[in-house]
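Novice: My questions concern the predicted model and sequence given below.
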Amino acid sequence: MNFRLLIFFSCLCYFFSCCSVIPNELKTAEQLVDSRPDSALKILQLIHPQNIKSESSRALYGLLLFQALDNNSKPLKPDSLLNFSISFYQSHSNKIRLATCYYLNGRHCLMSQRYDDATIFYMKALDCLQDDTESKLHGLIYGDMGDICCIQQEYKESLKKYRLSVESFNKAGEKVKANFKVLAIGRTFRLLKNYNTALYYYRIVDSQHNDSMLLGVTYQEIGINYYKAAKLDSAKYYLQKSLYFPARLNNYSYRCFYLADLNFDTEQYDSASYYAKIALKYPSTFFIQRECYRILVDVEYLHNDIKQMGKYMTQYQNCCDSVRKVESQTKITVLENIHAKSQETNEVKQNLISSGLILVVVLISGFYFVYVFYTRNKFKKGKIELFENKIASKQDYLTINLSKRIEDTRILQQDMRKSASAAEREILDINLYTSTLHLNDWSLFKSEMNQAFNQIIDKLEMSYPTITRKEITWCCFQLLEIPNSDRMLLLYATSDSLYKLKQRLARKMNLQTTKEIDSFLKKLTTIQN
């Protein structure tokens, strides 16, 4: 009996010790998460979430873990922890912590280059921060939104967001963070090709701070600015100098890429290849990766290593596809307009409820207000639906994307075509279409054609079982408007055999003449309302 009691009290003590220790550890981590994020992360990683009994402590744990991961430039995972924190703070109306969770979710999307999703979370965070008491959080949000605007080439909006970020950071006493955004303002002017103004902002930061991380980015930006202004010696000096300073996120790959580009321009091809390969080893964006592979393709071409050039060209094409997906995302200004319209619509609905009370007192006036508000509400809903339809309609973009992909690869081959023989040009043409349209992978080719042309292959296979893959491929070439000479090359056909193929197609499709094939295919690709 005494032994059982001893076990019982031991378990009870262990339970209460867990409940008391974990909140204390969370308090310590919360105090360190900004000043010593590495220490905060170690503390949090020693805690097992399943041992946290309190929902409020579990919500705080998820928030602090993501803050610590972000401050240490590490991947923000797992999502389930932060989603729990968001649900908890939504139900308990803790606006500041909820805003922080939304911001961290936006950071996760930003690092994944999902800029439209990131923008939505940032706007939700700003909705929670109705006043300006959380200046630091405001600065972080506006800074990230400025980066997205800059990537999407919305430079005027980008400058506006960066200046709001600098103002918020200065108000919060975060001088280093404010100066990072001053550099971002300079970078935006550089993208606008206003190099003197950009250099002015860089010099402001260079003269005020000795923070090693900040100086590294400053020298990086000065070097890139000189490079764009065609002052190559100064550019090389500052870019090489920036390599000796610590870097966060994709800054190191950014520096190496520009050094690679600069060395290529000055015909130092081995150095260009060296820096491009280093850049690819560090975290970077699809844009940086694409440009590094471009440099490697050009270097291998000059070295006459066609096999290695082909490998890099494949990687380059993959990066081009990824960049186009990023560029096709909805711009931040459109999302902000939709968000603003939605808020206005909600305000109108609230006004409608209020007007219902007035109906009891003044019936005639009440009917008038209901009619006015209803009409306005309907109009604004129509505008929101128009924006959403524009976002959802991407089929035309996919078709243009396929043609542009072919044209981009053709441009990349221009130098090789100049010195190539007729036979080599045919090989280049075959490689061009094979790599861009995935002709050697039927499932991938079929998937892309279905997406671009309203399930064209599925419709042909279902409606006309006797049609062959070669005939289906010809139909896709027809829709892509690929020249007849290239079709003969890709289908291993002569002019006569290609005409006979069209005749067979017309019979299988129950058409009177081959001239009807084109209109018939376009009809199949048209989306029916």
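Specialist: On my side now, so go ahead.

Novice: now do the same end-to-end measure for stretch 70-83.
Specialist: 16 Å (C-alpha to C-alpha, to the nearest Å).

Novice: Against residue 30, how distant is residue 59?
Specialist: To residue 30, residue 59 is 13 Å away according to C-beta to C-beta, to the nearest Å. C-betas here are computed from N, CA, C, even on glycine.

Novice: Next: residue 64.
Specialist: Taken as C-beta to C-beta, the span from residue 64 to residue 30 is 6 Å.

Novice: For those two, list the residues in contact with both.
Specialist: residue 40 (C-beta atoms under 8 Å, 6 or more residues apart in numbering).

Novice: For these two, indicate the residue with more neighbours.
Specialist: residue 64 (24 against 17; other C-beta atoms under 10 Å).

Novice: outside of whichever helix or strand that one is part of, which residues touch it?
Specialist: Using DSSP states H and E, the element containing residue 64 is helix 55-71. Helix 55-71 is contacted by residues 22-23, 26, 29-30, 33-34, 37, 40-41, 44, 47, 49, 52, 75-77, 81-82, 84-85, 88-89, 92, 97, 100-101, 104, 107-108 when judged by C-beta under 8 Å, 6+ apart.

Novice: do that again at 7 Å, thanks
Specialist: Contact with helix 55-71 is made by 22-23, 26, 29-30, 33-34, 37, 40-41, 44, 47, 49, 52, 75-76, 81-82, 84-85, 88-89, 97, 100-101, 104, 107, as judged by C-beta atoms under 7 Å, 6 or more residues apart in numbering.

Novice: For the residue nearest the centre of the chain, which residues are in contact?
Specialist: Taking C-alpha atoms, centre = their mean, the centroid of the chain lies closest to residue 113, which sits 2.5 Å from it. By C-beta under 7 Å, 6+ apart, the residues touching residue 113 are 285-286, 326.

Novice: Let's see that with 10 Å instead.
Specialist: By C-beta atoms under 10 Å, 6 or more residues apart in numbering, the residues touching residue 113 are 148, 151, 285-287, 322-323, 325-326, 329.

Novice: just the helices in the stretch 1-150 of the chain please.
Specialist: 2-32, 37-45, 55-71, 79-91, 95-111, 115-128, 135-151 (DSSP state H, counting those that start in this stretch).

Novice: buried residues in the helix holding residue 64?
Specialist: The neighbour-count check on helix 55-71 (16 or more other C-beta atoms under 10 Å) flags 57-71 as buried.

Novice: Also stretch 127-135?
Specialist: Those would be 128-129, 134-135, for stretch 127-135 by 16+ other C-beta under 10 Å.

Novice: Please apply the same query to stretch 160-180.
Specialist: Buried residues in stretch 160-180 (16+ other C-beta under 10 Å): 161-170, 172, 174, 177-180.

Novice: Select only the buried ones of the contacts of helix 55-71 in PyMOL?
Specialist: Buried residues within the contacts of helix 55-71, by 16+ other C-beta under 10 Å, are selected in PyMOL with:
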select buried, resi 22+26+29+30+33+37+40+41+44+47+49+52+76+81+82+84+85+88+89+97+100+101+104+107
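
Novice: Just want the phi and psi numbers for the residue nearest to the centre of the chain.
Specialist: phi 60, psi 30 (degrees, to the nearest 10).

Novice: Just confirm residue 451 contacts residue 445, I think it does.
Specialist: No: here residue 451 does not reach residue 445: they are 11.1 Å apart, not a contact under C-beta atoms under 10 Å.

Novice: neighbour-wise, which of these two wins?
Specialist: residue 445 (19 against 16).

Novice: dump the residue contacts of the more buried one.
Specialist: Per C-beta under 10 Å, 6+ apart, neighbours of residue 445: 434, 437-439, 457, 469, 472-473, 476.

Novice: Could I get the phi/psi values of it?
Specialist: Taking degrees, to the nearest 10 as the convention, residue 445 sits at phi -60, psi -40.

Novice: Could you report the pLDDT at it?
Specialist: Model confidence at residue 445, given as pLDDT, is 87.

Novice: And the closest residue to residue 88 other than its chain neighbours, how close does it get to residue 82?
Specialist: Excluding the flanking residues, the one nearest residue 88 by C-beta to C-beta, 6 or more residues apart in numbering is residue 59, at 3.7 Å. Plainly put, residue 59 is 10 Å away from residue 82 if you go by C-beta to C-beta.

Novice: Need the overlap of contacts for those two.
Specialist: Contacts common to residue 59 and residue 82, judged by C-beta under 10 Å, 6+ apart, are residue 101.

Novice: does residue 334 count as helix, strand or coil?
Specialist: Here residue 334 takes the helix state, with states given by DSSP: H, G, I helix; E, B strand; the rest coil.

Novice: Could you check how many residues crowd around residue 72?
Specialist: Counted with other C-beta under 10 Å, residue 72 comes out at 13.

Novice: wait, I meant residue 454
Specialist: Count around residue 454 with other C-beta under 10 Å applied: 16.

Novice: Helix or strand: which one has it?
Specialist: Going by DSSP H and E, residue 454 is not in any helix or strand.

Novice: leaving aside the residues next to it on the chain, what's closest to it?
Specialist: residue 525 (4.6 Å).

Novice: Can you tell me how far that neighbour is from residue 210?
Specialist: In terms of C-beta to C-beta, residue 525 sits 62 Å off from residue 210.

Novice: So between these two, which is more surrounded?
Specialist: Legend: neighbour count by other C-beta under 10 Å for residue 525 and residue 210, higher for residue 525 (17 against 7).

Novice: Can you tell me how far that one is from residue 286?
Specialist: Distance from residue 525 to residue 286, by C-beta to C-beta: 29 Å.

Novice: can you check residue 419 too?
Specialist: For residue 419 relative to residue 286 (C-beta to C-beta), the value is 31 Å.

Novice: So the two - more neighbours on which side?
Specialist: residue 286 (18 against 7).

Novice: can you pull the contacts of the more buried one?
Specialist: 113, 318-327.

Novice: Excluding chain neighbours, give the residue nearest to residue 97 in space.
Specialist: residue 89 (4.9 Å).

Novice: which residues touch the one you found?
Specialist: 56, 59-60, 62-63, 95-102, 128.

Novice: Please tell me how far it sits from residue 78.
Specialist: From residue 89 to residue 78 the distance is 18 Å (C-beta to C-beta).

Novice: Same check on residue 509?
Specialist: 52 Å.

Novice: These two: who's more crowded?
Specialist: Per other C-beta under 10 Å, whichever of residue 509 and residue 78 has more neighbours is residue 509, with 18 against 12.

Novice: Quick check: phi and psi at the more buried one.
Specialist: Here residue 509 shows phi and psi, under degrees, to the nearest 10, equal to phi -90, psi 10.

Novice: for residue 485, same thing?
Specialist: phi -60, psi -40.

Novice: That one contacts residue 494, correct?
Specialist: No: between residue 485 and residue 494 there is no contact under C-beta under 10 Å: 11.3 Å.

Novice: that older thread, of all the helices of the stretch 1-150 of the chain, which lies closest to residue 189?
Specialist: helix 135-151 (11.0 Å; C-beta to C-beta).

Novice: list the buried ones in that closest one?
Specialist: 135, 137-151.

Novice: From the chain's centroid, how far away is that helix?
Specialist: Taking C-alpha atoms, centre = their mean, to the nearest Å, one finds helix 135-151 lying 15 Å from the centre of the chain it belongs to.

Novice: how far away is the closest residue to residue 274 other than its chain neighbours from residue 239?
Specialist: In space, and not counting its chain neighbours, residue 274 is closest to residue 260: 7.6 Å by C-beta to C-beta, 6+ apart. Distance, residue 260 to residue 239, by C-beta to C-beta: 10 Å.

Novice: Next, count neighbours for residue 449.
Specialist: Using other C-beta under 10 Å: residue 449 sits among 27 other residues.
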